[in-house]
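S.K.: Pasting the sequence and the predicted coordinates here, then a few questions.
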Amino acid sequence: MADNIVNKPSESARQPAQPAQANHTSHTNHAAAKRAAPESGRAHVAAARDSADIATRRDRQFLIGVRALPGGPASSAEQVHDTLAQMEGVEIVRRLRPKGLSFAGSVHSGVQEIIVARMEDRRAEALRLSAPLQIAIEEDARLVEGPVIFPVLLDDFRPVGSVPVVGVPCGRQDYRFRVVGADDQPVPGAGITLFGQDCVAQAVTDNSGTASLSLFAADAGPEAIRAVHIHPAADHWECFVTDPRLEANGANPVKLTPLRSSKPSGDKRMSWGLQSLGLDPQAEQWTGSGVRVGLIDSGCDNSHPLLRHITQGHDCVGQGNGTGGWVKDAIGQGTHCAGIIAGAAGVVPGVQGVAPAVELHVYRVAPAGHCSDLVEALDRCIEEQMDVVHIGVASERYSELVAQKLMEARMRGIACIVPAGDTGAGVQFPAMVPGTLCVGAVGRLGEFAERTHHALTAIPELIAPGGFFATRFSAAGPQVAVCGPGVAILSSVPGGGLAARDGTAAACAHIAGFAALILAHHPLFRGLYGGRNEQRVNALFDLIRASAQPPIADPMRVGAGLPDLRQVPALQVPSGMSGWGQFGGVAAMPTHLPGAQMALMQLRALGLF
């Protein structure tokens, strides 16, 4: 009989079941089998045990929590914990206790802890079947992050139906590359990806800018190479070449273009991403000061010149017991997004954050994070009273308990802004959760150097006359609320350099900074919506959508469009900024807002309320 997760199991129920199959074993069963076996048969039992250990899957992590059911019977998380602690084969990994004050009068007023436990799949399934309705049990799914560059490229540069394989010994060809930048200086740490007919090989350049890699395939010669991709760590444009002329067993030189010395569109005062949001670098008082923004991502290297003012964060990966780990960013996405949101002004010419004076808090949940780490980060955002939260990670599985935590954050006045995802398919979790603001990514022609993979992200049929284009990697669906700049975005990366990156996380970071500007400078959030509640989030999201104009005609990819600060309803703006609407420096009111809210905004804009 399956254990019940609420009722304490009986003594007989706590005993592990003795499996009939010889290959389904545990350490306890192995010991029993060894004691029972005759001396002459012990060697056979040991061999069977070792074979079974290799074949048996390791235990997985699961989340166990109490559902927020209005009017439902109350369940004690402590009782659930005590029951789990007495079950054989269940290891409690951590307890995620809610932080901050509860808010009465909602279905979430009884928010309780979530328990993370490790067990076999069959045990978890038995608990699901026996648990009452108010108990949720789900896999603690892994989080994914970053743009999916190579799968997109592989769709173009491999035969239909083939599977890229690395290291199959059916033939081998060696290639050597030397990567240099300005003045022929070596570029260390550059990733090299070689695309063959039906295989892929990768390597990273050493301090001399050199890398060697081997392509394993039946046909691995130079004529079979479909493309080569050189991806520098920082300070250079990447290089992507189709049908390259390569030398086998010889040196293949590659010279990269520095980012700063030759911008494709000439010298600019600020990035194209900030320009497209209607920002003006001369409006120095528009900095987002006084607003707290949470960055849930891969960490942040705050030794970067653009990010030295960022001093608060927490490492939520694993047990979440370290405060210093958040400054380590193994993949660079968090550091890149931190620069987009809050990069210091005046440090690097032409590069700064959308809201450089916000108080940015960093919560590291990647790489190797799980949904439990995301819950931990959201709990800390609630406790530390973030105003806006950028969530730069996703999961391939829906999590009811994470969705419940997102709703709790919204009810407490926290605006959660989430990238749609970089799979090019449907919107990923948690961007699909109602109450979050889902952001897609767009690019613009002329904003990147030639021979880069940035151009491959454009959908040719969805390029607008002004140069904006829909991206192949950005997820699409009715959940997409707005879009943001997400191709060739120049920002900070670990180690102190700059890099041009793609992704819906970069687009989301632009919108998170945009939201911070509205909260800091819009009169509605100093009056009617000054309290921390759901109405405040609703008003903020309404203003963002109301300011947006679609750069391309595909709402499934761009939602309401690209937000423009100059079009935010009833936003008082500096008199020196051009392009603003009517009412003497107040943006004109759109007609698609709810009537009562529109009337209120008009009254406030005219100083009559």
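M.R.: Thanks, I have the structure now.
S.K.: Can you classify the closest residue to Phe525 other than its chain neighbours by secondary structure?
M.R.: Excluding the flanking residues, the one nearest Phe525 by Cβ to Cβ, 6 or more residues apart in numbering is Leu519, at 5.1 Å. No exception for glycine: its C-beta is placed from N, CA and C like everyone else's. Look at Leu519: counting by DSSP: H, G, I helix; E, B strand; the rest coil, its state is helix.
S.K.: Can you check the pLDDT for Leu519?
M.R.: At Leu519, the pLDDT value in this model is 96.
S.K.: Helices of the stretch 501-609 of the chain, residue ranges please.
M.R.: Counting by DSSP state H, counting those that start in this stretch, one finds helices in the stretch 501-609 of the chain at the ranges 504-521, 534-546, 555-558, 582-585, 595-605.
S.K.: ditto for the stretch 251-400 of the chain
M.R.: Under DSSP H, counting those that start in this stretch, the stretch 251-400 of the chain gives helices at 272-276, 333-342, 371-383, 400-411.
S.K.: Can you tell me which of those helices is packed in deepest?
M.R.: helix 333-342 (a mean of 30; mean count of other Cβ atoms under 10 Å).
S.K.: What is that one packed up against?
M.R.: Counting contacts by 3 or more Cβ pairs under 8 Å, 6 or more residues apart in numbering; DSSP states H and E, helix 333-342 packs against strand 292-297, strand 359-364, strand 489-492, strand 498-501, helix 504-521.
S.K.: pretty sure Ile225 contacts Leu246?
M.R.: Yes. With contact defined as Cβ atoms under 8 Å, Ile225 reaches Leu246; the gap is 5.7 Å.
S.K.: Comparing those two, which residue is more hemmed in?
M.R.: Ile225 (24 against 18; other Cβ atoms under 10 Å).
S.K.: can you pull the contacts of the closest residue to Thr452 other than its chain neighbours?
M.R.: Excluding its sequence neighbours, the residue lying closest to Thr452 (Cβ to Cβ, 6+ apart) is Glu238, at 5.2 Å. Neighbouring residues of Glu238 by Cβ atoms under 8 Å, 6 or more residues apart in numbering: 229-232, 256, 452-454, 500.
S.K.: what's the distance between Glu396 and Phe429?
M.R.: Distance from Glu396 to Phe429, counting by Cβ to Cβ, to the nearest Å: 8 Å.
S.K.: So for the two, which sits in the more crowded spot?
M.R.: When Glu396 and Phe429 are compared for neighbours, Phe429 comes out ahead with 19 against 12, by other Cβ under 10 Å.
S.K.: Look up how far Ser492 lies from that one.
M.R.: In terms of Cβ to Cβ, Phe429 sits 28 Å off from Ser492.
S.K.: what do you get for Arg60?
M.R.: 36 Å.
S.K.: which ones are touching Ala377?
M.R.: Per Cβ under 8 Å, 6+ apart, neighbours of Ala377: 294, 296, 314, 316, 363, 365.
S.K.: and if we set it to 6 Å?
M.R.: Counting by Cβ atoms under 6 Å, 6 or more residues apart in numbering, Ala377 touches 296, 316, 363, 365.
S.K.: Touching, the second one and Leu374? I think so.
M.R.: The reference is to Cys316. No. Using Cβ atoms under 6 Å, Cys316 is not in contact with Leu374; the gap is 7.9 Å.
S.K.: pLDDT value on Leu213, please?
M.R.: 89.
S.K.: Could I get the phi/psi values of the residue nearest to it when sequence neighbours are not counted?
M.R.: Distance criterion Cβ to Cβ, 6+ apart; nearest residue to Leu213, sequence neighbours excluded, is Ala203 at 3.9 Å. Phi and psi for Ala203, reported as degrees, to the nearest 10, are phi -160, psi 170.
S.K.: so what pLDDT did Ala203 get?
M.R.: On pLDDT, Ala203 comes in at 93.
S.K.: Over to Asp267?
M.R.: Value listed for Asp267 in the pLDDT field: 44.
S.K.: list the contacts for Ala431?
M.R.: Per Cβ under 6 Å, 6+ apart, neighbours of Ala431: 418, 420, 438.
S.K.: elements contacting the helix or strand encompassing the first one?
M.R.: Spelled out, it's Val418. Per DSSP states H and E: Val418 is located in strand 415-419. Where contact means 3 or more Cβ pairs under 6 Å, 6 or more residues apart in numbering; DSSP states H and E, strand 415-419 is packed against strand 388-391, strand 437-444, helix 504-521.
S.K.: Let's see that with 10 Å instead.
M.R.: Taking 3 or more Cβ pairs under 10 Å, 6 or more residues apart in numbering; DSSP states H and E as contact, the helices and strands that strand 415-419 lies on are strand 292-297, strand 388-391, strand 393-395, helix 400-411, strand 437-444, strand 480-485, helix 504-521, helix 534-546.
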